[in-house]
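Asker: fold the following.
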Amino acid sequence: MTHRITRGAIAAATVVATGLALAACTPPSDDNGQLVAFGPQGENGSLEDNQFTQLLEEKLDIDFDWQTTTYDGSVAGEKRQVSLASGDYPDAYFLVPWVDAFSRAEILKYGQQGVLLPLEDLIDEYAPNLKERFEEKPDWKQSVTAPDGHIYAITQWTECYHCSYPSKLWVNSTWLDKLGLEQPTTTEELRDMLRAFKNDDPNGNGQPDEVALSASASEPVINYFMNAFTYAPYGSPSSPPPLVLDGDEVTLSATTDGWRAGLQYISSLADEGLIDTASFTQNGEALRALGDNAGAEILGAAAVLHPYEIVTADSPDGRDTHYDAVPPVKGPDGTQYATYRSPVSPLGMFALTNKSTEDERIKAIKVIDYLVTDEGDRLGAMGPEGEAWVPAEEGDVALDPELEPTFTPLTYDETSNAAWRSMGQYWDSLEYRNSQVVPEDIYSPDGYERRLLYASQAYEPYAPDESLLFPVEKLWPDPETSAELAELQTNISTYITQAQAEFVTGQRDIEDDATWDAYAADLEGLGLSRYLELLQELYEAI
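Answerer: All right, here's what the predicted structure looks like:
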């Protein structure tokens with residue numbers, strides 16, 4: 001459910017200069033030994049009554065006093081920002097990456113102002129499990145350590161394997177069988193397949209109602225196709241523009257000859273009606289409505305992370321089993337990439353403030369230390385044994401058959417108030433995920449994770465060389481230029497997203513050199529050279 005409020009004209013920025021300056025020297029609050037904690041609260045019960053909250057209170061002798069917000073990102077983020085600006089903030093923040101987590105600019109700003117406290121000494125003395133995780137995954141420790149050497153916030157470490165290759169193409173295999181086609185391996189075979197989906201009545205109802213391929217605005221449809229012409233970095237509407245490394249130089253892909261060639265190909269598909277142009281504007285619900293269309297099955301393919309985004313699990317007519325991933329196709333010059341997504345997250349989930357007492361800090365860091373254990377993750381992020389998961393039994397097979405199976409996930413009641421869910425998910429290593437027991441029937445809902453594993457294994461051989469990847473998620477902002485960089489990035493990313501949609505849909509002529517040159521000139525006018533200069537400086541500081 002989406003929560004709505006009337007947003008007043010709160011000029012938080014005018015409060016920051018005075019409020020935070022005073023907050024930096026604010027003494028610990030007198031809260032009767034309670035840990036005042038800020039966190040999002042769902043509609044399935046209060047955090048105070050949550051079963052995992054109560055487990056932590058008993059296990060670690062903590063008394064939580066919750067300041068709660070919602071899972072509506074705009075509302076939650078604003079409430080967190082206003083609390084900091086006013087000086088009325090809690091002892092600790094427990095946040096969710098996709099709701100209200102701290103950006104790196106915020107982590108550095110509030111840390112250097114003394115509002116967020118350094119955590120490294122607490123970790124060294126009171127968080128042995130977290131220290132061990134940092135040793136296991138040194139990239140995690142590197143990513144949470146600010147340029148001044150302090151750790152002001154803890155991020156999530158997630159090695160979701162199927163998430164590592166997000167730009168997948170899921171194709172209706174029953175349609176391929178009916179039309180006597182194989183999975184495409186080249187861009188021209190892909191074109192032929194989409195033509196057949198559109199024109200040859202694969203659903204057999206005698207109506208021209210087939211949608212050959214669609215997507216949603218939240219997952220760029222361009223990426224899968226672009227990877228047959230030049231590497232397309234992971235992106236979303238809120239992400240930086242497509243950046244890659246050329247040696248040690250930060251460059252923008254979206255003005256290269258390869259990128260233009262990719263847009264020319266995608267535009268040619270759109271000209272034939274082979275790509276649903278609503279892909280650039282529709283949300284996930286609209287896309288799912290195509291896949292779940294009542295009556296005839298009308299969706300041939302979709303460029304999404306996983307097939308349950310396009311069709312409901314366990315569909316009555318079995319159409320949720322019809323879609324299989326097509327590995328990256330080869331372009332005219334042999335280019336063949338898979339978009340890669342790093343496990344590093346720049347978003348701060350846990351932080352302590354200068355309102356906390358020493359005893360509260362110790363107890364709070366012990367919460368995180370417990371959450372990064374296998375037991376803590378299962379109970380905190382999943383739920384109780386017997387309700388959300390059960391231990392593995394003899395004869396069970398792990399997702400990775402070479403690993404010892406550890407637990408079997410169960411279908412979890414989303415209305416339950418027994419776990420912190422996303423707020424408790426800090427540790428998700430590849431080994432941990434792949435030790436779960438998953439049925440071998442990949443088309444059953446319980447076997448879904450194995451289906452995604454197999455699909456990702458088909459993409460992994462086409463991952464880009466690390467030397468090509470620009471590690472934007474590892475950059476720390478320079479406080480003196482962070483506002484400028486943020487404005488440049490927003491303007492450039494927005495323009496590229498809009499222009500690409502216009503090139504594909506024919507509003508701009510991708511074949512016209514003058515139009516392409518004007519696009520590149522517009523980017524320069526938006527400050528592209530300065531943007532790349534600032535990024536280069538941050539990259540060299542890693």
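
Asker: and the gap between the residue nearest in space to the middle of the chain and residue 309?
Answerer: Residue closest to the average C-alpha location in the chain (Cα atoms, centre = their mean): residue 98, at 7.6 Å. Residue 98 sits 15 Å away from residue 309, going by Cβ to Cβ, to the nearest Å. In this view, the C-beta of every residue, glycine as well, is placed from N, C-alpha and C.

Asker: got it, and residue 494?
Answerer: Taking Cβ to Cβ, one finds residue 494 at 24 Å from residue 309.

Asker: comparing the two, which residue is more hemmed in?
Answerer: residue 309 (17 against 13; other Cβ atoms under 10 Å).

Asker: give the contact list for the more buried one.
Answerer: Residue 309 makes contact with 216, 284, 287, 288, 302, according to Cβ atoms under 8 Å, 6 or more residues apart in numbering.

Asker: isn't the fourth one right up against residue 315?
Answerer: So that's residue 288. No. Between residue 288 and residue 315 there is no contact under Cβ atoms under 8 Å: 11.2 Å.

Asker: in terms of neighbours, single out the busier of those two.
Answerer: Higher neighbour count among residue 288 and residue 315: residue 288, with 20 against 14, using other Cβ under 10 Å.

Asker: identify the residue spatially nearest to the more buried one, adjacent ones excluded.
Answerer: Nearest non-adjacent residue to residue 288, counting by Cβ to Cβ, 6 or more residues apart in numbering: residue 310, 6.2 Å away.

Asker: can you verify my assumption that the one you found contacts residue 290?
Answerer: Yes. Counting by Cβ under 8 Å, residue 310 does reach residue 290; the two are 7.2 Å apart.

Asker: with neighbour numbers in mind, choose between the two.
Answerer: residue 310 (26 against 19).

Asker: shared neighbours, residue 310 and residue 290?
Answerer: In contact with both residue 310 and residue 290: 214, 299, using Cβ under 8 Å, 6+ apart.

Asker: what are the ranges of the strands in the stretch 351-500 of the chain?
Answerer: Assigned by DSSP state E, counting those that start in this stretch, the stretch 351-500 of the chain shows strands spanning 389-391, 407-409, 427-428.

Asker: most tightly packed of the ones you listed?
Answerer: Neighbour counts averaged per stretch over these are highest for strand 427-428, at a mean of 21; criterion: mean count of other Cβ atoms under 10 Å.

Asker: show residues contacting it.
Answerer: So strand 427-428 is contacted by 133, 156, 157, 158, 159, 160, 371, 372, 373, 374, 376, 377 (Cβ under 8 Å, 6+ apart).

Asker: what mean pLDDT would you report for that strand?
Answerer: Across strand 427-428, the average pLDDT comes to 94.

Asker: contacts only, for residue 35.
Answerer: Counting by Cβ under 8 Å, 6+ apart, residue 35 has contacts 62, 63, 64, 65, 91, 92, 356, 360, 363, 364.

Asker: my bad, residue 295
Answerer: Taking Cβ under 8 Å, 6+ apart as the test, what residue 295 contacts is residue 205.

Asker: surely it forms part of a helix?
Answerer: No. Using DSSP: H, G, I helix; E, B strand; the rest coil, the secondary structure at residue 295 is coil, not a helix.
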